[in-house]
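**Student:** Model the structure of this input:
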Amino acid sequence: MRSDDSASEKIPEAANGTSIPPAGPRKLVRPTLPERVLKNRAVYRRDDSGILAHHQAMNPAHNGHESTHAEAFYFQKQAQSQTPMVFILEDGERVEGVIEWYDLNAIKVKNHSRTLIYKSSIKYLYKASENNSRG
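**Tutor:** Residues are numbered from 1 along each chain as shown. Coordinates of the predicted model:
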């Protein structure tokens, strides 16, 4: 092998004399979040346990408002009894189906397919059996 060939296979050097990795000069950037975001316990720091962050997010004392758990009780009752529900979304779209599961921010509805609906996008909802009184 000629010395000219081996020189062309070397990794190029940067202007300051350090070698550049074959993938290119990469730097891992992890920006620090503003303190107002860190106060919201739904977002947790890297050194926090995910389990603890979840429990703190579910704790009403950390959410800034009291909860009677009426919403959770209602969704649990409708999911267990497989009650057909109608969801009217903020944009006017209508989704019908049975509640498969729910959490703090979303509801999974089972109909001809499965649809995940964010609670913040729901204008109102009602039982499909009450449809006659709304029509």
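
**Student:** Just the element for residue 68, please.
**Tutor:** For residue 68, there is no host helix or strand (DSSP states H and E).

**Student:** Count the residues that sit near it.
**Tutor:** 8 (other Cβ atoms under 10 Å). Using the backbone N, CA and C atoms, a C-beta is placed for each residue, glycine as well.

**Student:** Kindly provide the distance from it to residue 74.
**Tutor:** Using Cβ to Cβ, to the nearest Å, residue 68 is found at 11 Å from residue 74.

**Student:** what's the answer for residue 34, then?
**Tutor:** Separation of residue 34 from residue 74 (Cβ to Cβ): 36 Å.

**Student:** the more surrounded of these two?
**Tutor:** residue 74 (13 against 8).

**Student:** Just confirm the more buried one is within a strand.
**Tutor:** No: looking at residue 74 with DSSP: H, G, I helix; E, B strand; the rest coil, it is helix, so not inside a strand.

**Student:** counting residues per strand, which one in this structure is longest?
**Tutor:** strand 94-102 (DSSP state E).

**Student:** in the protein, which ranges drop under the pLDDT threshold?
**Tutor:** Along the chain, the parts satisfying pLDDT under 70 run over 1-30, 33, 37-66, 132-135.

**Student:** Go again with 80.
**Tutor:** Applying pLDDT under 80 to the chain flags residues 1-67, 131-135.

**Student:** Now do the helices in it.
**Tutor:** Counting by DSSP state H, the chain has helices at residues 3-8, 35-39, 50-58, 60-63, 70-80, 131-134.

**Student:** how about the longest strand of the chain: buried residues?
**Tutor:** For strand 94-102, the neighbour count (16 or more other Cβ atoms under 10 Å) marks 95, 97-99, 102 as buried.

**Student:** now swap in stretch 108-123 and tell me
**Tutor:** Neighbour-count burial for stretch 108-123, counted by 16+ other Cβ under 10 Å, picks out 108-109, 117.

**Student:** CSV for these, including distance to residue 87?
**Tutor:** Output for the buried residues of stretch 108-123, formatted as CSV (distance: Cβ to Cβ, whole Å):
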residue, distance to residue 87
108, 11
109, 7
117, 6
